[in-house]
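Novice: I'll drop the sequence and a predicted model, then ask my questions.
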Amino acid sequence: LPEAEDEFVPTRIEAAVVLACAAVGIITVAYGARGVYSRVARGMDLGRGFSGNVSVAQNGSDVLVARDDDWADSFHEELNSNASEEEQDAAAGVAASLESPRGEAPKEKLPQVDSYEEEESQNEGSPGVPNEELSALYKERFDHIRYALVNRGASPPEVFLDEGSAQYAALVWLTRDDPRRLEPESVYLGQRYGLAVLWFSTTKSGYEWHVPETFAVEGDEEDDDWEYEDDGRVDNEEYDDGDEWDDDEEVVDFEDNGDTNGQDDEDSDGTDYYEGISVNHYDETSDAAEPPPDRRLMKKNPDEWFRHDYWMGSMGVCGWEGVMCHPHENGNAHDGHNDGDVSHLELRRNNLKGLIPDELYRTLPYLKVLDLSDNGLAGTLSDELGGWAHLEALNLTSNNLAGSLPSAIDGMNSLKELRLANNLLGESIPRTMGSLTRLRHLDLSGNEIRGTIPYEVGRLAELGSLDLSRNLLVGPIPHELSELRDTLTTLDVSRNGLGGPLIAELCSIKYLETLRLDDNHFSGEVPTEIGDLVHLEELRMNNNGFRGTLPAEISYLATLDTLNIADNHFEGEFPPEWTAMAGLRELDISSNELRGEIPIFVDGMKNLRLLNMAHNGFSSTIPSELGSLYKLEHLYLDDNKFEGVVPKELGELTNMKRMALHNNYLIGQVDDYICKLANEMFLTQLSADCGGETP
């Protein structure tokens, strides 16, 4: 009992508070060593201290303390979502007694939220902007995921300092907006992050992909980039590799991934994800609801992927458009709703623009096939490329990639196909290319590669196709290329600056089917060993400096389909042995220094579609036997020294499309049967004087 009136008399409530504080202190010390109380450490790291108002909340064995009211509110929300009503009331009472000065009413608790979306609806501003401040509720998850990604080597820590980077956007998405809510410890977190970085790196910047049409950007109402057709259909047609891209095409049709059986792509959360916009299901009974747009996107928006079904949605990456995963250990394929180890990433002709992020190399270690061809990717190829030890096929054809081929490419020791054609790659072919001993197809055509062909190419023991055409290569063909005699079937070095004589060793590649040497500076005579290439189907040697006579040994090439030796300095007569090449479809020997007669046995070349002997010195008469080449479509005999009349048998060539006979010494009239080819058949160009004497 008190002995004086002014002596402090503790009430029961105050005593309870003191006991509660003592219990809190004991529990905090006990669990602090185990790291349960991570938020205290966060506050200390930030140098904020714990002076001033302190909020304490208790949930079972966890005790959380916050520095100020904002943090306290967040912690109360997080705890209240998992605690019973009694625990919530107890924790709130303790916190209120500490936060409120004596005599003041405790603060009212914040309303609970069940999800991030509900919390966002209580905030002002547009949702999902990457550089907006993260809510306190997600700051810890943000840091945990960031630490996990940095610790696994997915990204260096400094990239997350730039709130406008694709890496930061992907981290925010994983933290706050990813419906799957993977834990930082998940083995699949890195792959999901890497693919998200690819998304943000190669499509519209920011988070426009998940903003419905009703969230129009201020000022863009009159010039909207989105237009849709209202036919409600989804096209299932795939792109045809042989089709040329039509810049005037108004509508881009999106292919179905085969999993929906013709139905609209739908996520398990009731939201359709397509063409960069997520739209909730349309309720016809609601006046406020907006009908979802059709999935056929007009090409007015050049910044969106053409196809991205399920990307950035609730489905696992194995179900995303263009993504495949390795099968389970028991051999069963992955369910598209789950995550797994990505094996294939194929987004060909899909309007990807921007840079290939290094995160793609780092987070998909088990990737086997990557096809990003026919897009708008730029930048350079990173040395990180060498980390793909399991990659078997890499296709980046028809992009805007520059720089050089990284020497670290030798780390891709499982690679079987490397296709980098039609880019802006320069410098020389790295000698480390010779380490890719499993390589079967190498296509570097259509670039700006300089230097010589490295002799290390001869070490590619399994190489079947080599295409180095349309570059700036110089020097001779290396002798070491003959080491591929048992595997190489296609060799294309056309349209370069290569020179020197045609090496006889090249003719030892016995299974060669295609040999293109055109548009270079090769010189000298063609070796007679060329007749050893008995499997050859296409031989192009035009636009070089070859000399000498036409080798009769070419007639040994029974499977030859195309022979082009135009624009050289060959001389002599037409080899009569060539008339036995019954399978030949195209023969071009124009613009040389050939002379003599056309052999009358030319009718043995029954399959000829094109015969070009123009710009030579052939003389005598045009043999009537040409009229028996019924499949002939193009005949060029102009700029020679032919004499006599035009044989009427040429009128039997009913498939003829073009015939040039001018600039010769022909006399008489062109037969009416020939002129009828132009009037009644397919002939569109006849260079002769129908109805009068030829000049």
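Specialist: Structure's in. What do you need? The model shown is predicted, which means the values in this text are computed figures rather than measured ones.
Novice: Quick one: low-confidence residue ranges for the stretch 201-350 of the chain.
Specialist: Low-confidence segments of the stretch 201-350 of the chain (pLDDT under 70): 205-302, 330-334, 336.
Novice: Helix or strand with the lowest mean pLDDT in the protein?
Specialist: Sorting the helices and strands of the chain by mean pLDDT, DSSP states H and E puts strand 277-280 at the bottom, at a mean of 27.
Novice: what packs against the next helix or strand after it?
Specialist: Using DSSP states H and E, the helix or strand that directly follows strand 277-280 along the chain is strand 323-325. Contacts defined by 3 or more CB pairs under 8 Å, 6 or more residues apart in numbering; DSSP states H and E place strand 323-325 against strand 342-346. The C-beta positions use only the backbone N, C-alpha and C, and glycine is treated the same way.
Novice: Can you tell me what sits against the strand it packs on?
Specialist: With contacts defined as CB atoms under 8 Å, 6 or more residues apart in numbering, strand 342-346 is touched by 191, 195, 317-318, 322-326, 364, 366-372.
Novice: partners of it, with directions?
Specialist: strand 323-325 (antiparallel), strand 369-371 (parallel) (DSSP bridges).
Novice: Relative to Leu512, tell me which of those wins on proximity.
Specialist: Relative to Leu512, the nearest member of these by CB to CB is strand 369-371, separated by 27.6 Å.
Novice: tell me the mean pLDDT for the closest one?
Specialist: Averaging pLDDT along strand 369-371 yields 97.
Novice: re earlier: okay if I get the strands paired with strand 342-346 as TSV plus distance to Asp358 and mean neighbour count?
Specialist: Shown next, in TSV, are these (distance: least, CB to CB, whole Å; neighbours: other CB atoms under 10 Å):
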stretch	distance to Asp358	mean neighbour count
strand 323-325	19	22
strand 369-371	14	20
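Novice: Just send those strands back as CSV, with distance to Asp672 too.
Specialist: Formatted as CSV, these follow (distance: least, CB to CB, whole Å):
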stretch, distance to Asp672
strand 323-325, 64
strand 369-371, 57
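Novice: what's the closest of those to His521?
Specialist: Nearest to His521 among the strands paired with strand 342-346 is strand 369-371 (35.3 Å), distances taken as CB to CB.
Novice: List the buried residues for the very next helix or strand once past the closest one?
Specialist: Following strand 369-371 in sequence order, the next helix or strand is strand 376-378 (DSSP H and E). Of the residues in strand 376-378, 377-378 count as buried by neighbour count, 16 or more other CB atoms under 10 Å.
Novice: Run through the neighbouring helices and strands of the helix or strand that strand 376-378 is followed by.
Specialist: Sequence-wise, the next helix or strand downstream of strand 376-378 (DSSP H and E) is strand 393-395. When contacts are defined as 3+ CB pairs under 8 Å, 6+ apart, strand 393-395 packs onto strand 369-371, strand 417-419.
Novice: Can you lay out those as CSV showing distance to Pro156?
Specialist: Shown next, in CSV, are these (distance: least, CB to CB, whole Å):
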stretch, distance to Pro156
strand 369-371, 23
strand 417-419, 28
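Novice: now the helices for this protein?
Specialist: 12-32, 38-45, 69-80, 85-99, 116-121, 136-151, 166-172, 189-202, 358-363, 672-680 (DSSP state H).
Novice: Check the ones you listed for me: which has the lowest mean pLDDT.
Specialist: Lowest mean pLDDT within the helices of the chain: helix 38-45, at a mean of 35.
Novice: which residues touch Gly651?
Specialist: 627, 671-674, 676-677.
Novice: of the residues you listed, buried ones?
Specialist: Buried among those (16+ other CB under 10 Å): 627, 671, 674, 677.
Novice: okay, the residues you listed in a markdown table with distance to Ile554 next?
Specialist: Converted to a markdown table, the buried ones among the contacts of Gly651 look like this (distance: CB to CB, whole Å):
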| residue | distance to Ile554 |
| --- | --- |
| Gly627 | 25 |
| Asp671 | 34 |
| Ile674 | 31 |
| Leu677 | 31 |
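Novice: Need the max-distance pair from these.
Specialist: Gly627 and Leu677, at 11.6 Å, using CB to CB across these.
Novice: Look at stretch 535-546 and report the distance between its end residues.
Specialist: Stretch 535-546 has its terminal residues 23 Å apart, counting by CA to CA, to the nearest Å.
Novice: With stretch 317-327 instead?
Specialist: This stretch, stretch 317-327, spans 14 Å end to end (CA to CA).
Novice: what's in contact with it?
Specialist: Under the criterion CB under 8 Å, 6+ apart, residues 188, 191-192, 195, 257, 259, 307-311, 333-347, 350, 366 lie in contact with stretch 317-327.
Novice: Just the buried ones from those residues, in ChimeraX syntax?
Specialist: The following ChimeraX line selects those of those that are buried, judged by 16+ other CB under 10 Å:
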select :188,191,192,195,257,307,308,309,310,311,334,336,339,340,341,342,343,345,346,347,350
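Novice: if we can go back for a sec, which among the strands paired with strand 342-346 is found nearest to Trp578?
Specialist: Trp578 sits nearest to strand 369-371 of all those, at 42.5 Å, using CB to CB.
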